[in-house]
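Novice: what would the 3D arrangement of this be:
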Amino acid sequence: MEKEMLVYVDLKEGKLEKFMGWMQSDEGMSVRKSAAYPEKTIGAVTPDKGGIMFKVHVHNVDVMKQLISGSHPVGKSVYDECVNSMTAWELSKVEM
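Specialist: Numbering: from 1, shown residues only. I've put the predicted structure just below:
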C-alpha cells in the first residue's frame, strides 16, 4: 500500500551537493526505488541550503524507516557524512 510522507533532512554544513549527488547516482536511485517511487518525489531546498524537504510516495515503509534512521546498509555512509537528522511524517488528505 502506498503512503505519502513528508521527509525533512537536516544537513551538515556544506553537504547539500554531496548528498544530492548521491541521491541522484545509480546507487542512490536504487536505494530510493527500494523504498518509494522517485518519479513521484517532490523536493525543495531551504534558502540556506541546510535542509531539504521531500514529499515521497512510499511503497516499503520498513526500508524508508531504515533510510530515515541512518541504518540502511547502502545509505549509511552518505547519511553519516552528510546528515544531522531526518524526520518523517505520514500525510493524509484533508477534505475542505
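Novice: going forward, measure contacts and count neighbours with C-alpha atoms only.
Specialist: Will do.
Novice: which stretches in the chain count as helices?
Specialist: Listed in chain order, the helices of the chain (DSSP state H) span residues 16-24, 26-35, 61-69, 76-82.
Novice: out of the ones you listed, nearest to Met1?
Specialist: Closest to Met1 of those, according to Cα to Cα: helix 61-69, at 9.4 Å.
Novice: and that closest one, how far from the chain's centre?
Specialist: Distance of helix 61-69 from the chain centroid (Cα atoms, centre = their mean, to the nearest Å) equals 9 Å.
Novice: ok, residues contacting that helix?
Specialist: Outside helix 61-69, the residues that touch it by Cα atoms under 8 Å, 6 or more residues apart in numbering are 34-36, 58, 72, 75-76, 85-88.
Novice: and if you look at stretch 10-30?
Specialist: With contact meaning Cα under 8 Å, 6+ apart, stretch 10-30 is reached by 32, 38, 49-52, 75, 78, 81-86.
Novice: distance of Met23 from Thr87?
Specialist: 17 Å (Cα to Cα, to the nearest Å).
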